[in-house]
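[1] Here's my sequence, what's the structure:
(2 chains)
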Amino acid sequence: MSADPGPLEVNGRPVERASIPDDERLLDTLRWRLGLKGTKEGCRSGDCGACTVLLAGETVLSCLALTRDLPALPVTTIEGIEEDPVAIAVREAFTAEAALQCGYCTPGFVVATVGLLKELGPDVGVDRLREELAGNLCRCTGYAAIDRAIRRLARGGP
Amino acid sequence: MTRPDAAGKLRGAVTFGTDLERPGMLWGALVPSPAAAGRLRAVDLGPARRTPGVVAAIGAEELRQLLPSALGRERPLFPVEEVAYRGQPVAAVAASTRAAARAAARAARVTIEERRPVADVEDRYPEWPGPGAASDPGVIAHVRAGHGNVASAFARATLVHSETYRTSGVCQVALEPHACVAEVSDGVWRVTSSTQTPFGVRDDTAEILGLPAETIVVDGTWVGGGFGGKGAAFLEPYALALARASGRPVELALSYREEFRLGRSTLAAVIRLDTAVIDRTIVGRRVRLLLDTGSSLPGRDFATGYSIGFLVGPYRCGAVEVEGFGVRTNKPPFGPHRAPFAPQCVFALESHLDGLARRLGVDPLEFRLAHVWREGDETFLGQKVGPFGGERALRAAAERARAWRPSVAEGHGLGAALGFWSTGTGAGGEVRLRLDGRALRLEQVEREIGSGSVIAGLTAVAARATGLPARLVRLVASDTATAPVDSGVFGSRTVAALGRAIVQANEKLLATLARRAGGGPVRLEEGADGIDVVGPAGRRPVAELLTPEERDGGGLVAEGRHYGNAPPIDPSRVEDGTFYPYTDFTASVDLAEVEVDPETGSVRVVRAAAFQDVGAVISEPLVRAQVEGGFVMGLGEALTEETLWSPDATLLNPSLLDYRIPTLLDVPPLEITLLEGAPGAGPFGAKGVGEPPILAVPAAVANAVADATGRRVRDLPLTPERVSRALIRP
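    Numbering: from 1, shown residues only, chains lettered A, B, ... in the order given. Just a heads-up that it's a prediction; the model follows:
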């Protein structure tokens, strides 16, 4: 095991990393060590987006990140944006359009959308949002309702 | 409509199978067969047991001591002599961490005397199977049926249109991998699983482990997508055996690669269609089907006996002869997938009809309209056709096609297709209604898989049947030990079958209340203080009409059941195998405009319209969501989705990178038209809509490609390579 990389901040709380194995993925640390199961395990190979979290505000696939290798930047999961005003707006838009069915990809979509809206600003165009979200797979909705929810959120249009 | 599950799912706060956790829980892993075919010589679990963290390791040998009832079963937990496909579980391990369990599974030494596997149906049958082939050991299912004088029809024909189509395997790709947790204590074998069929899992598991069904209790979780893939026992018997061996709760979950490699999905097929025409009228049809059924075919010959009807289609076609073979190969068992194998059949038939119409110089939609079923027609198996929206859907699509045609650009094409389905109410089920003074509880076993059919569909039926507002209907899902029996969330049946059961339970409830209220008819209404009974004798709170036991014990209970009866098929038309009658007749028509790149052969769907026969709408947002989702899944089957197998039966693309499903960027604008008025088997005349929207999508896209290019692609999916080959074909 390599030298202690120091604590990681998850949803505002420090998480010691000294005893975490070198090859443990952030996804597993979040879900099984910290009990933050809102982050979903899909493909574990970076292809589906279900495990999306924010690292210093940027979207990251937690299945591809090794917990001990991460820089000491704040990690935010779906549980950490409960009260966030942008997340509230995203949830409202997804609720209004019923942009979910089974719900397994949903936390990944919400976290990614929140991260993108914050990073790119409220005037981001819908085309840009769509492109950025194309790495999040959904098998139930056919994306139509998700697309309508995105349109509500992307004020910059078209 | 706000989905009742939106708030929880948008916060990541609902528990799926993959989220299950128990105190002291171990992790399970399966030891895969390293070969696709051969004799199992030895399974050495020593190295697995010596892996740090391992608590239990079991194979066929260990079952002798541990669970003798599981030996010699028709569907054995572990193979004893022969392995049937690469990745087949030959043993299982449980360890304190997932990493340890996987390391131990890799450490096990499996020795197999390998044989050359049968990788696909044409490996086994390069030529069409000859007479007597039905009893070949390689044939898992054989169906043959027909009526009329087919030979004479073809002899008299002015034109015979003959084609061969090939379709690829497709996977369900529910984003949540299979997962369950098993616990064994005090003689109760309890498994909590992300499943579409709790009772089906219970009964299958009892069969596989050789245990009485009553000793097994199955509980569901929120299901992260099903699409048919979570509809039978799969991981549950392994998890239970590991829990028994270790004395601890065991979680067993598949990795996504295992989802692809071990999952039960649709496999490839070869379809031969011959149609005899006199002038412009179809007078005869011959259908031949070779379906890859992998190493086995759960549900016997359902995949052949049901699907083959989609190759005759919802049309009058004179004399008919169908023959289908389910062919054993060294792949995982065939499994259902949203309208199992039907989109592939519809692709073949509707491409065939489209090409035939063009050969005859007839508009393809007009050609279909001239032959499509009308109510009262007969299926090729002699069943009377009930109310069917096919003609209306085709006319609506023809009108839209005329409106679109002038704006279809150079290099683009327009295509349409008709799919046909029947609501799966033949699979029965039961519900319990429990009425106290404050609410109506709807008790049943099923969990939500995503469509909303359980959490919103069943409550909508209960609200409409009782007249109560939906917020007074409380859905209660419980395990197989306490809930009424049901077949599962599949076959577009949930709202239809359980909805009919709810209507029946409500009638019983009202009859009891009418007697107690001094005469009927009565109805339920929200009152000033809870629920009231309103009838000829006036308005009274429900609470006043309950017995003391009911007031203390949870209310007035009524059970409802629905076991759908379809009119029989004519047995004299069946020569071999099992065929299945239709409970109702659902049409689904798609219209698509495509752009074909002549350089690369890549196809882009530019716009589309879906015309869905729904019988009667119970919840419009939910129905539209099924059409949207089904259309896009169909788009994947049309253009990109296929399992690729090597000649030694290895799956070459077991990942979401290489098995490509549609993304947000692949979806065209879709116009949706819901057609009511041709009632179906569900409550209030509703038809099931979970599956129908996928049916005609690949065919509509293929017909649009033919319209754009003048070339017919007879292999599904329409990859750039296949389209390019068609374009350069001499």
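
[2] Quickly check: stretch B:449-459 near chain A or not.
    Yes. For stretch B:449-459, a contact with chain A is found by Cβ under 8 Å from any Cβ of the partner chain, at B:449-452. Backbone N, C-alpha and C define where each C-beta goes, glycine included.

[3] Pull the most distant pair out of those.
    Distances among these were taken as Cβ to Cβ; the most separated pair is B:Ile449 and B:Gly452, at 9.3 Å.

[4] Would you mind giving the residues of stretch B:449-459 next to chain A as TSV with pLDDT, neighbour count and secondary structure added?
    Output for the residues of stretch B:449-459 next to chain A, formatted as TSV (pLDDT from 0 to 100; neighbours: other Cβ atoms under 10 Å in any protein chain shown; DSSP: H, G, I helix; E, B strand; the rest coil):
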residue	pLDDT	neighbour count	secondary structure
B:Ile449	98	31	coil
B:Gly450	98	32	coil
B:Ser451	97	26	coil
B:Gly452	97	29	coil
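
[5] Out of the residues you listed, which comes closest to chain A?
    Proximity of the residues of stretch B:449-459 next to chain A to chain A was ranked by Cβ to the nearest Cβ; the top entry is B:Gly450 with 3.1 Å.

[6] which residues sit in contact with that closest one?
    Neighbour list for B:Gly450: A:101-103, A:140, B:223-226 [criterion: Cβ atoms under 8 Å, 6 or more residues apart in numbering or on different chains].

[7] List buried members of the residues you listed by neighbour count.
    When neighbours are counted using 16 or more other Cβ atoms under 10 Å in any protein chain shown, these contain these buried positions: A:101-103, A:140, B:223-226.

[8] Now the two most distant members of those residues.
    Of all pairs drawn from the buried ones among the contacts of B:Gly450, the widest gap by Cβ to Cβ lies between A:Gly103 and B:Gly226 and measures 12.6 Å.

[9] wait, doesn't B:Trp404 sit right on B:Leu414?
    Yes. In this structure, B:Trp404 is within contact of B:Leu414 by Cβ atoms under 8 Å, at 6.2 Å.

[10] Looks to me like B:Ala182 is in a strand.
    Yes. Secondary structure assignment places B:Ala182 in a strand (DSSP: H, G, I helix; E, B strand; the rest coil).

[11] Mean pLDDT per helix and strand in chain B: which one sits at the bottom?
    The helix or strand of chain B with the poorest confidence is helix B:302-305; it has a mean of 81 (mean pLDDT, DSSP states H and E).

[12] show me what contacts the closest residue in space to B:Ala339 that isn't next to it in sequence?
    Once its chain neighbours are removed from consideration, B:Ala339 has its nearest residue in B:Glu691; the separation is 3.8 Å (Cβ to Cβ, 6 or more residues apart in numbering or on different chains). The contact partners of B:Glu691, by Cβ under 8 Å, 6+ apart, come to B:338-339, B:342, B:421, B:491-492, B:630.

[13] now do B:Phe490
    Contact partners of B:Phe490, counting by Cβ under 8 Å, 6+ apart, are B:196-197, B:226, B:228, B:231, B:336, B:424, B:427.

[14] Can you name the residue of chain A nearest to chain B?
    Ranked by Cβ to the nearest Cβ, the top residue of chain A for proximity to chain B is A:Gly38, at 2.3 Å.

[15] I'd say that residue and B:Ala13 touch.
    Yes. Counting by Cβ under 8 Å, A:Gly38 sits close enough to B:Ala13 to count as a contact (6.5 Å).

[16] tally of neighbours for the closest residue to A:Pro14 other than its chain neighbours?
    The spatially closest residue to A:Pro14, leaving aside those adjacent along the chain, is A:Pro7, at 4.1 Å (Cβ to Cβ, 6+ apart). One way to gauge burial is a neighbour count; for A:Pro7, by other Cβ atoms under 10 Å in any protein chain shown, it gives 13.

[17] Thought A:Glu16 was touching A:Pro7, still the case?
    Yes. Counting by Cβ under 8 Å, A:Pro7 touches A:Glu16, with 5.5 Å between them.

[18] give the contact list for the residue in chain B that chain A sits nearest to.
    Of the residues in chain B, the one nearest chain A is B:Gly12, at a distance of 2.3 Å by Cβ to the nearest Cβ. When the contact criterion is Cβ under 8 Å, 6+ apart, the partners of B:Gly12 are A:37-40, A:77-79, A:106-107, A:110.

[19] and what of B:Asp363?
    Neighbouring residues of B:Asp363 by Cβ under 8 Å, 6+ apart: B:357, B:398.

[20] That one and B:Ala397, how far apart?
    As defined by Cβ to Cβ, to the nearest Å, B:Asp363 lies at a distance of 12 Å from B:Ala397.

[21] where's the residue lying closest to the residue of chain A closest to chain B once chain neighbours are set aside relative to B:Gly690, distance?
    The shortest distance from A:Gly38 to any residue other than its chain neighbours is 2.3 Å, reached at B:Gly12 (Cβ to Cβ, 6+ apart). In this view, B:Gly12 and B:Gly690 are 25 Å apart by Cβ to Cβ.

[22] host element of the residue of chain A closest to chain B?
    Counting by DSSP states H and E, there is no helix or strand that carries A:Gly38.

[23] Buried ones in the longest helix seen in chain A, by neighbour count?
    Residue-count comparison of every helix in chain A, with assignments taken from DSSP state H, identifies helix A:106-120 as the longest. Residues of helix A:106-120 classed as buried under the neighbour-count rule (16+ other Cβ under 10 Å) are A:106-118.

[24] next one: stretch B:182-197
    Residues of stretch B:182-197 classed as buried under the neighbour-count rule (16+ other Cβ under 10 Å) are B:182-184, B:189-197.
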